[in-house]
Every structure is written in structure tokens, then in C-alpha cells.
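A.B. asks: got a sequence here, can you build the structure:
(one chain, ligands or ions: 2)
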Amino acid sequence: MPNPILEARVIITCPGRNFVTLKITTTDGVYGIGDATLNGREFAVAAYLQEHIIPCLIGRDADRIEDTWQYLYRGAYWRRGPVTMSAIAAVDVALWDIKAKRANMPLYQLLGGRCRESVTVYAHANGHEISDLLESVAQHQELGYKAIRVQAAVPGVADAYGVPHGDKPYEPADGTIPREEVWNTPKYLRFMPRLMDAVRSKFGFDLAILHDGHHRMTPIEAASLAKSLEEFQPFWLEDLTPAENQDAFRLIRQHTTAPLAIGEVFNSIFDCQKLISEQLIDYIRTTIVHAGGITHMRRIASFADLYGVKTGSHGATDLSPICMGAALHFDLSIPNFGIQEHMPHTALTDEVFPHAYTFANGLMHPGEAPGHGVDIDETLAAKHPYKRAYLPVCRLEDGTLHNW
Ligand code: KDG
Ligand code: MG
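C.D. replies: Ligands and ions are numbered 1, 2, ... in the order given. Alright, predicted model coming up:
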């Protein structure tokens, strides 16, 4: 029996930061929701959905998830890109939500059932000084995290990535026009071994330590950083250099055995085809919302599994709780799961998006609610309208525009 789509709507809300949600309802009254948030470019995806996708969805059979994915991807003629793939992801996740609700199953069961008991997540620790960072690591350990990302301000550098401004929790999208940050790579390269040494000296080698370079190095600088940190046995080094040129990673790989992770800005399997098939990385960090939804993420994970590459999905707070819920079902159900990023949302965001997923002891579980287990309180969402916010841009000390 077909299950026609009756209605689809875009909901934009800002409970502290902006989120875009697609809600699809079928003629039998079941609805599903998908995250469509693209930080700093929210209305591009909203318009793509509203003007170009929703008119084609009405009357389509909600059960035909793969066919709808192909229809939106191949059918547009114009392929890939973060806007297109986030819009497709929102449809895809909403349709998986509907299918699992109709089957009266948590989504991970429809995806083949669980491959593990729960999902290991990593937290963010940061500090203005190494001493604050060590305190932050200790606090996260007390919360039960077994894997922690470490970032700290670099002496003599105005703006390191991942360090909060003042006492507020870290949230980079805070300017009504992009804030400009100033960066110095040589100082960072000299500082990082000191930071890693301090963390290992205090916490030993059992704690998994991660670090994000946020695309700021050239390939040879990245190779030099990875080589200098190898003795501290990082769990992974993330986004050391941009990967529009996937071959850049070959150079890094030639110099180090430190595990490498990348992928949060990727939106297609073709962005990581060479990185995976030539075993130039160890973790692929694509996200449900930016890489075409559950359907495309399963394709990327299956491909990665052939080459011993594990997943490590992006999970920053600019991905809505819907993305987090969907990611946890995906993480539980695939064989080559590596780790999941976890940045807790604010209490208000959690109120707008009530969810079945839980955290305890460094582990998360998507819960047993039918569907992906995340909902949206539309009345509350409407009380928090969109506020324009941009990610920062980054410049070198001489004014050259750099990668943020
Ligand atoms: O919107 C950009 C953030 O999602 C990104 O800066 C976070 O690098 C990030 C991470 O690893 O969480
Ligand atoms: Mg990152």
C-alpha cells in the first residue's frame, strides 16, 4: 500500500542558535522530521527545500526512500554541494523516521539491528591556558567521557580554534557579520607538543585524546604536526589540512602513523573516494545532515569498511538534536563505527527538540522510541525566531585570508 506524502514544511528556529527542520506528513497522519541546518547559510537550504523540493514531494510514496533519494540527486541534474545534500538529507531522515514509526520500531532496528550495546562519544575540553584545559579534561572525565578532544589558546596567537570567548560555552557562530580572527601556524606547531605532553603527563595513556586542526595547515605543516604528536598517541588528528585536493593526505601519511580524521565539510562519497580507497585516512567524519542523510551515509560507511576506515561523525551543536538522534541510530547499526562527537545542546534546545536519546558514562543510546526518537515542539520553536549569525573568518597576521 503506498503511503503518499500529504504535506511538507520548513521550520526555522533559534533557541540560542539557528536550526532548520523539515517536517513531512503522510496521508495516514504519520509525520517525520529531518535536520536541514547549514551553519551560517540556513536560508539557502530552506529555500531549496521550499521552492524546489517540497512541490515534488507532495503525493510521492513516503516508503520509497532510496528512489526519492535518487530522484532528488540525479533528478536535479545539478549534483552535490552542501546546500543540495543538506536538503536531500532532511527529506531522507524524515522519510526514515516515518518508515520506522509505521513499523513501530526504533530506526536502528530497520537499519539491521544493533552492532554494539551503545555508542562511544567524545567530548570537547578547552582552555585559555593549559591549566584550564587540564581542569576541563578532568571535569569531562568525571562526567564519564573516555575520549576527549583537547583545544587551547596558543600563546602569542590572538584566536585559536575551539576556545571560547570569555566564560560562555564555545559557540563559533556569533557574529551578525563574520567576526575576523587572527592566526599564526608556526606558533601553534611549536605549542602543540607542549599541550599534548601536559595532558598525557596528567591523565596517562588510557584516555583517548583527540585534536582538531580545523583545516589551518598546509600538507607539510600538517605532516610536521602529526610527526611531533605521534609519541603522545592521539586517538586522531582531525582536519589538519583542507581536502579539496585529496592527494594532500598522501604527503601527511608518508610522515606519520598518527591516525587521521576528516570529513565534516564533505557532502558526498566522491569527496572522500580517494582518501578511503587509498587508505589515506583512518576515520571519515561525514555527518548525516550534510552528507545526504542516512541513505548516503550508509553508502559511505560501507565503502569505508572495505578499506578498514571507521566512522567518526561530526556532532557539534550546529547540528540539531534530530541529526544527533539519526546519527546514533546509524552509529549503532553499522559494523565499522569508530566514535561519535558529542557536544551537548543547551537545555532550551533540548526543550524545543525533545528526544529519546540518552548519555551516561561516556556512552550514548538512541532509545527505543519508534522512528529516530526526536520530535519538535513547534509552539516553543515559534517563540524563538531566526537570528542571523555567521561563522568567523580567519586571517594571518599580515591580513591574508586563511581557512577558519
Ligand atoms: O559549524 C562549524 C562547526 O560545526 C565546526 O567548527 C565544529 O570542527 C568542528 C567539530 O569538529 O566539531
Ligand atoms: Mg572539526
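
A.B. asks: grab the most central residue of this protein for me.
C.D. replies: Computing the C-alpha centroid of the chain and ranking residues by Cα atoms, centre = their mean puts residue 314 first, at 2.3 Å.

A.B. asks: and that residue, what is it in contact with?
C.D. replies: Shown in contact with residue 314 (Cβ atoms under 8 Å, 6 or more residues apart in numbering): 263-264, 285-287, 290, 341. The way it works is simple: take the backbone N, C-alpha and C, and place the C-beta from them, glycine included.

A.B. asks: ok, residue 399 to ligand 2 distance?
C.D. replies: 25 Å (Cβ to the ion, to the nearest Å).

A.B. asks: look up which helix or strand that residue falls in, please.
C.D. replies: Of the helices and strands defined by DSSP states H and E, none includes residue 399.

A.B. asks: what of residue 253?
C.D. replies: In the assignment (DSSP H and E), residue 253 maps to helix 248-255.

A.B. asks: who does the next helix or strand after that helix pair up with?
C.D. replies: Downstream of helix 248-255, the first helix or strand assigned by DSSP H and E is strand 260-262. Using DSSP bridges, the strands paired with strand 260-262 are strand 236-238 (parallel), strand 283-284 (parallel).

A.B. asks: re earlier: make JSON lines out of the contacts of residue 314 and add distance to ligand 1 and secondary structure.
C.D. replies: Below are the contacts of residue 314 laid out as JSON lines (distance: Cβ to the nearest ligand atom, whole Å; DSSP: H, G, I helix; E, B strand; the rest coil):
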{"residue": "263", "distance to ligand 1": "10", "secondary structure": "coil"}
{"residue": "264", "distance to ligand 1": "6", "secondary structure": "coil"}
{"residue": "285", "distance to ligand 1": "7", "secondary structure": "coil"}
{"residue": "286", "distance to ligand 1": "12", "secondary structure": "coil"}
{"residue": "287", "distance to ligand 1": "9", "secondary structure": "coil"}
{"residue": "290", "distance to ligand 1": "9", "secondary structure": "coil"}
{"residue": "341", "distance to ligand 1": "6", "secondary structure": "strand"}
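
A.B. asks: which pair in these spans the largest distance?
C.D. replies: Distance extremes for the contacts of residue 314: the farthest pair is 290 and 341 at 13.2 Å, using Cβ to Cβ.

A.B. asks: which of those two has more neighbours?
C.D. replies: Set residue 290 next to residue 341 and count neighbours by other Cβ atoms under 10 Å: residue 290 wins out with 29 against 25.

A.B. asks: near ligand 1, which residues of the protein?
C.D. replies: 39, 172, 212, 214, 264, 314, 316, 318, 341, 391 (Cβ under 6 Å from any ligand atom).

A.B. asks: the second one contacts residue 393, doesn't it?
C.D. replies: No: counting by Cβ atoms under 8 Å, residue 172 does not reach residue 393; the two are 10.9 Å apart.

A.B. asks: which of these two has more residues huddled nearby?
C.D. replies: Neighbour totals were compared for residue 172 and residue 393, and residue 172 leads with 23 against 15 (other Cβ under 10 Å).

A.B. asks: can you tell me the SS state at the more buried one?
C.D. replies: Secondary structure assignment for residue 172 (DSSP: H, G, I helix; E, B strand; the rest coil): coil.

A.B. asks: show me what contacts the residue of the stretch 201-350 of the chain found nearest ligand 2?
C.D. replies: Residue of the stretch 201-350 of the chain nearest ligand 2, by Cβ to the ion: residue 212 (4.3 Å). Residues counted as contacts of residue 212 (Cβ under 8 Å, 6+ apart) are 149, 151, 161-162, 238-239.

A.B. asks: check residue 323 too.
C.D. replies: Residue 323 makes contacts with 35, 37, 93, 287-289, 315, as judged by Cβ under 8 Å, 6+ apart.

A.B. asks: highest neighbour count among the residues you listed?
C.D. replies: Counting by other Cβ under 10 Å, top hit in those: residue 93 with 37 neighbours.

A.B. asks: quick check: closest non-adjacent residue to it.
C.D. replies: Leaving aside its chain neighbours, residue 93 sits nearest to residue 34 (3.5 Å; criterion: Cβ to Cβ, 6 or more residues apart in numbering).

A.B. asks: ditto for residue 353
C.D. replies: residue 321 (3.8 Å).

A.B. asks: residues near the one you found, how many?
C.D. replies: Residue 321 has 24 neighbours, counted by other Cβ under 10 Å.

A.B. asks: inside helices: which ones of the contacts of residue 323?
C.D. replies: Counted as lying in helices by DSSP state H, out of the contacts of residue 323, are residue 93.

A.B. asks: show the contacting residues for the closest residue to ligand 1 within the stretch 251-400 of the chain.
C.D. replies: The nearest approach of the stretch 251-400 of the chain to ligand 1 comes at residue 316, 3.5 Å away (Cβ to the nearest ligand atom). By Cβ under 8 Å, 6+ apart, residue 316 lies in contact with 264, 341, 343.

A.B. asks: got TSV for the residues you listed, with pLDDT and distance to residue 88 too?
C.D. replies: TSV is the format used below for those (pLDDT from 0 to 100; distance: Cβ to Cβ, whole Å):
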residue	pLDDT	distance to residue 88
264	98	18
341	98	22
343	96	24
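
A.B. asks: nearest to residue 72 among these?
C.D. replies: Closest approach to residue 72 among the contacts of residue 316 (Cβ to Cβ): residue 264, at 22.3 Å.

A.B. asks: and stretch 218-236, how far apart are its ends?
C.D. replies: Stretch 218-236 has its terminal residues 18 Å apart, counting by Cα to Cα, to the nearest Å.
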